[in-house]
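Enquirer: Provided below are the primary sequence and the corresponding predicted coordinates.
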Amino acid sequence: MRLGPLVEWWDRRQIALYVVAIGVGTALGLAAPQVAPALEHSIEPVLMLLLFATFLGIPLIEVGRALRDIRFLGTVLVANFIVVPVLAWGLSRFVADDQGLLLGVLFVLLTPCIDYVIVFTGLAGGARARLLAAAPLLMLVQIALLPVFLFLFAGGDVLAVIDVVPFVEAFLLLIVLPFAAAAVVQAVARRHRVGRALEQVMAGAMVPLMMATLAVVVG
């Protein structure tokens, strides 16, 4: 079976397909809440595959060059770690009286999901390659600054209930491992057809992987 026409079909309709995936996840979560634990355990593997496909789609030899783009990196860092925290602080004031809600809101707003941003930046025609190169740096800075922002916005008491281990695990599993695997496959692809075939398969699987990710997370 030739996948070319199928890949072209879902590439043209990916926005609608993402909305369908969110709807399926919502319906599944509401209709069968007992599957929540299984879905939760599926999040990391699906995200790892999505990030692997994302990293594989961009020549990693360009990463070093992109990281030297000081203007771009400066803009991204200012937006993520100055502008966004100010907005997060303002929005969190609406739930400041409830520590549980406050902590949840701060987590969501201060640690935006970097992998989704890469996919949607590419979809919008943005600087996907440069953002991809900046992803490890952004995640490291997120991990380093999150305790600082939580202390400033919610007080020192909340730091006692924060476990840093999941953040380190996320960095290793969702950034380092897919990035390294993509680098290996790209190196193999320069000499062997099996590497090039895997690149083509993963490039074609981007939309289904994104759909699976959205459905699992929402579910």
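Expert: Good, I have the coordinates. Residues are numbered from 1 along each chain as shown.

Enquirer: Go through the lengthiest helix in the chain and flag the buried ones.
Expert: In the chain, taking DSSP state H as the definition, the longest helix is helix 128-154. For helix 128-154, burial by neighbour count (16 or more other C-beta atoms under 10 Å) applies to 128-136, 138-139, 142, 146, 149-150, 153-154. Using the backbone N, CA and C atoms, a C-beta is placed for each residue, glycine as well.

Enquirer: Stretch 98-113 too?
Expert: In terms of neighbour count (16+ other C-beta under 10 Å), stretch 98-113 has its buried residues at 102-103, 105-106, 109-111.

Enquirer: And the contacts of that stretch?
Expert: 80, 84-85, 87-88, 91-92, 95-96, 142, 145-146, 149-150, 153-154, 157-158, 161 (C-beta atoms under 8 Å, 6 or more residues apart in numbering).

Enquirer: again, only using 6 Å
Expert: Contacts with stretch 98-113, where a contact means C-beta atoms under 6 Å, 6 or more residues apart in numbering, come from 88, 92, 95-96, 142, 146, 149, 153-154, 158.

Enquirer: hey, which helix or strand in the protein has the poorest pLDDT?
Expert: Lowest by mean pLDDT, DSSP states H and E among the helices and strands of the chain is helix 63-67, with a mean of 69.

Enquirer: next structured bit after that one?
Expert: Next helix or strand after helix 63-67 toward the C-terminus (DSSP states H and E): helix 70-78.

Enquirer: got the angle between the next helix or strand after that following helix and helix 128-154?
Expert: Sequence-wise, the next helix or strand beyond helix 70-78 is helix 84-92, with elements assigned using DSSP H and E. Between helix 84-92 and helix 128-154, the angle comes out at 50 degrees (axes from the mean of the first three to the mean of the last three C-alpha atoms, to 10 degrees).

Enquirer: Could you identify the most distant pair in the contacts of stretch 98-113?
Expert: With C-beta to C-beta as the measure, no two of these lie farther apart than 96 and 142, at 22.3 Å.

Enquirer: quick one, what contacts residue 21?
Expert: Residues near residue 21 by C-beta under 6 Å, 6+ apart: 211, 214-215.

Enquirer: What about these, which are in strands?
Expert: Among these, no member falls in strands (DSSP state E).

Enquirer: so can I have CSV of those showing neighbour count and distance to residue 186?
Expert: Listed next are those as CSV, based on neighbours: other C-beta atoms under 10 Å; distance: C-beta to C-beta, whole Å:
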residue, neighbour count, distance to residue 186
211, 22, 25
214, 22, 27
215, 23, 29
